[in-house]
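Engineer: fold the following and give me the result.
(chains A and B)
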Amino acid sequence: MQPLLERYARVDFYDEFADGDGVPRSHYVGLARTLRSIDWSDFQHRVATVNAVLLQRGVTFTVYADARGTERILPFDLIPRIVPGDEWSLIKRGIAQRVYALNAFLADVYGKQRILADGIVPYDLVFSSLFFNREMIGFKLPHDIYIHVSGVDLIRGRDGTYYVLEDNLRTPSGISYVLENRDVLKRSFPRLFEHYQPLPVDDYPFRLRRALTNAAPFGNVEPTIVLLTPGIYNSAYFEHTMLARRMGCELVEGHDLIVRDNIVYMKTTKGTQRVDVIYRRIDDDYLDPLYFKADSSLGVAGLMDAYRAGNVVLANAVGSGVADDKAVYPYVPAMIKYYLGEDPVLPNVPTFDCNDELQRRHVLGHLDELVVKNTNQSGGYGMLMGPSSTRLDREKFKLAIEANPREFIAQPIIPLSCHPTIVGEGIAPRHIDLRPFVLYGAEIDVPACALTRVALQDGSLVVNSSQGGGSKDTWVLD
Amino acid sequence: MEFTILHQTTYRYPVKIHESYTVCHLQPLSDATQYCTKYELQIAPRARVFTYVDRFGNQVQHFGVLPEHDLLSITARSSIATVRPAEPEPNPGVTREALVSDPAYASMYDFLRESTYVAFGPELRALAAIVGAPGGEDLDAWFAHAGHEVHAGFTYDKSATTVRTTVDESIRLRGGVCQDFAHILVALCRFHAIPARYVSGYIFSGHDALRNGQSNAILGAEASHAWCEAYLPPYGWVGYDPTNDRRITDCFVKIAVGRDYRDVSPVRGIYKGAPQSGGSELSVNVAMEALAGQ
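Structural biologist: Below you'll find the model as predicted:
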């Protein structure tokens, strides 16, 4: 009967759990007590049960570019991450501010383009973005809202400062893990849960529905909402079914919808029914074969015309991706200043723009120290982690950067904070990040739902699920 | 001059199709040089037509036909008055400095870069070397010179190219139609950092027919035309027709402008029930008539 926590050794990063002297931080005292009181064999038993439950429920994701897309369960780590109330209120303020500014940016670049004309953000940067959707120029959206649902990735530096690493404004996924993780953890540690009383997460589908309802065209108080999925082969299909079910809306594929006289209808067994809001989990390019990829069978022909006419709301708006282009990211603090007249609540990670010659030269000279990211890829794909890279990797990136500098940014390696995590031989610190979700219907709403992703490999700083990351339940305290 | 134009497009399908959605650029623009006094679009089978203004300022119509059909016919009728000079003068004094310091220049990204049909391939680069770079002093003179070079170096040949031919392909073939000539001139301008756009429209050549004692209506699709416009401040967008080696006169009618043909194709669409490229039969008929007394 070995006390679990004795196995935990601190390393040289910000430790979420314990302070510099190895004493648990005040909000982790309760968890420390629990971990000390259970024994390893009992714990392993709980871990096995949890994994069986998750697999049975089908909480799986698909890994692309892997042996033909295999289904895996997202490894779930049983030790919850705890976010105290004061930190959460800072996070809430910071990400709400960010989403306001990013939304204003989208309304601007697809409208008057003031920020470009004023020289704050370069024209070329926006127009060269793969995600700048020219069809959207001149659109007038109901309520001027583009980013109905977003997930902002936060990390903590050595001193515990929260940084924004990435804004996910297209179709951020992960909320299903938040809901499932909570369900499972509540049962595994009922007393600990009772002790902490974290803010609930299971109101997320209700709040999402409320945001989508508010997003409907003016005056429509009871809109028909559907969730548009690419189908069962999508990595997040499980999440689509879960959200549709819990929101009480239809889960549809492109062929279930039809556009007649600029209005979108859903085909049902009782005829057609008008659709007002589409929570779409399909990328822009596949939405409408008339305007985008003509060979796409995932979308709905004529959808863009109905959208332009204001007869249907798409959440998120088409073209939102230009605001979370990795090369646009360095300009977000300037956007906050420009549109809101405020200083950013949460800082950016310093970023080198490879399109700038001086910065590019610096990047190429320090590839072994930096993390390089491809601006057209996400999910941990197309990335170079300098310190752990081989000479060959670096050589490949050097050539790629020189050929297409616009497509790369580089950042210093931020040593992500660590959190006690179950590993084969006990409990050890592993790097984590935090993805809170932001809803924007009429007003910004930040539910207490955040996904903590954890890099399960020792020393790894990559938390993406497709790259061997796992997740933790995240307890937000009042 | 005043014109009436009939533009009829008919698709016949070997099998029944359904849920066809069509987008049209057929309505002549109204601007300082021409005014569209009447425009109507007739669809068979019947369909409700919607209009919007796209980001280039073009009037776009679209419609859907959901029931099964094996024939789709789109008839556009318009009346236009043009007020351009019959013999346009050159536009002197457009310097490189004036161009780059023009406030609109920074926002010309799309008209300075490659686009779907306008690529800077090896053939284009070679041609650009032959045509020569514009000096800094008179960009309008270079524009006309480049247009002339395209006209002189290529043969008008309807069988050489298709609607999907790229700039490099048509240069290699040394021939093409107005669309190809326009794309080449657009590419040359952009390659030399002069903003350029593609214009789709009509050209009236009835004067020649009249002289030959024929009717003044040009039958067939010959009246459909395309040319190039360059942004030359302070004159704004200035046109040149490389197919006929001339500036844009009152015999030209503008329909739409865009990066290239793809942005302004007169009729495009998709449907269900048969392969998109399989076996449909397309006929286009354009009749352009000048009003009497001219």
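
Engineer: so which strand or helix has the residue in the stretch 151-294 of chain B that chain A sits nearest to?
Structural biologist: Going by CB to the nearest CB, chain A is nearest to residue B:270 of the stretch 151-294 of chain B, at 5.5 Å. In this view, the C-beta of every residue, glycine as well, is placed from N, C-alpha and C. Per DSSP states H and E, residue B:270 falls inside strand B:267-272.

Engineer: which is the succeeding secondary structure element to that strand?
Structural biologist: strand B:281-290.

Engineer: list the residues that contact the closest residue to chain A within the stretch 101-250 of chain B.
Structural biologist: Nearest to chain A in the stretch 101-250 of chain B, going by CB to the nearest CB, is residue B:109, at a distance of 3.9 Å. The contact partners of residue B:109, by CB atoms under 8 Å, 6 or more residues apart in numbering or on different chains, come to A:123-124, A:127-128.

Engineer: same thing but at 6 Å, please
Structural biologist: A:123, A:127 (CB atoms under 6 Å, 6 or more residues apart in numbering or on different chains).

Engineer: before we move on, back to that, tilt between the strand holding residue B:270 and strand B:281-290?
Structural biologist: Inter-element angle recorded for strand B:267-272 and strand B:281-290: 160 degrees (by axes from the mean of the first three to the mean of the last three CA atoms, to 10 degrees).

Engineer: give me the domain ranges for the chain.
Structural biologist: Let's take chain A. Using automatic domain parsing, the domain ranges for chain A come out as A:4-86+A:174-201+A:431-476, A:93-147+A:202-340, A:352-412.

Engineer: meant chain B actually
Structural biologist: If you go by automatic domain parsing, chain B breaks into B:2-82+B:266-290, B:96-262.

Engineer: export those domains to CSV and append columns for mean pLDDT.
Structural biologist: As requested, the domains of chain B are exported to CSV (pLDDT from 0 to 100):
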stretch, mean pLDDT
domain B:2-82+B:266-290, 94
domain B:96-262, 89
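
Engineer: which one of those is the most hemmed in?
Structural biologist: Ranked by average neighbour count under the criterion mean count of other CB atoms under 10 Å in any protein chain shown, those are headed by domain B:96-262 at a mean of 19.

Engineer: buried ones in stretch A:87-101?
Structural biologist: Using 16 or more other CB atoms under 10 Å in any protein chain shown as the test for burial, stretch A:87-101 gives A:87-88, A:91-92, A:94-101.

Engineer: can you put the domains of chain B in a markdown table and add distance to residue A:433?
Structural biologist: Below are the domains of chain B laid out as a markdown table (distance: least, CB to CB, whole Å):
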| stretch | distance to residue A:433 |
| --- | --- |
| domain B:2-82+B:266-290 | 38 |
| domain B:96-262 | 35 |
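
Engineer: out of those domains, nearest to residue A:310?
Structural biologist: Distance to residue A:310, taken as CB to CB, is lowest for domain B:2-82+B:266-290 among the domains of chain B, at 11.0 Å.

Engineer: now the terminal residues of that closest one, how far apart.
Structural biologist: 6 Å (CA to CA, to the nearest Å).

Engineer: tell me how far it is from the chain's mean position?
Structural biologist: 15 Å (CA atoms, centre = their mean, to the nearest Å).

Engineer: stretch A:99-116 now?
Structural biologist: 21 Å.

Engineer: next, the buried residues of it.
Structural biologist: Applying 16+ other CB under 10 Å to stretch A:99-116 flags A:99-111, A:113, A:115-116 as buried.

Engineer: the helices in chain A, which residues?
Structural biologist: For chain A, the helices defined by DSSP state H occupy A:29-37, A:40-57, A:85-109, A:114-117, A:123-127, A:175-188, A:190-196, A:204-214, A:237-247, A:303-308, A:332-335, A:357-365, A:391-403.

Engineer: what is the burial count for residue A:310?
Structural biologist: 14 (other CB atoms under 10 Å in any protein chain shown).

Engineer: residue A:220 versus that one, what's the distance?
Structural biologist: 11 Å (CB to CB, to the nearest Å).

Engineer: equivalent analysis for residue B:206, please.
Structural biologist: Residue B:206 is 53 Å from residue A:220, by CB to CB.

Engineer: got it, and residue A:247?
Structural biologist: Taking CB to CB, one finds residue A:247 at 17 Å from residue A:220.

Engineer: residues from the stretch 151-300 of chain A in reach of chain B?
Structural biologist: A:261-262, A:289-290 (CB under 6 Å from any CB of the partner chain).

Engineer: now, the most widely separated pair of those residues?
Structural biologist: A:261 and A:289, at 18.7 Å, using CB to CB across those.

Engineer: and the two? Which one has more around it.
Structural biologist: Ranked by neighbour count (other CB under 10 Å), residue A:261 and residue A:289 place residue A:289 first, with 22 against 16.

Engineer: right, and the domains of chain A - which one's nearest residue B:166?
Structural biologist: Closest to residue B:166 of those is domain A:93-147+A:202-340 (CB to CB; 17.8 Å).

Engineer: helices of chain B, residue ranges please.
Structural biologist: B:96-100, B:109-112, B:122-131, B:139-153, B:167-173, B:178-191, B:206-211, B:261-264.

Engineer: picking that back up, now for the buried residues of stretch A:87-101, which pair is the farthest apart?
Structural biologist: The span of those, defined through CB to CB, is set by A:87 and A:101 at 21.4 Å.

Engineer: so how far is chain B from residue A:139?
Structural biologist: 9 Å (CB to the nearest CB, to the nearest Å).

Engineer: circling back to that earlier point, between residue A:247 and residue A:220, which one's more packed in?
Structural biologist: With neighbours defined as other CB under 10 Å, residue A:247 and residue A:220 compare such that residue A:247 has more, 22 against 14.
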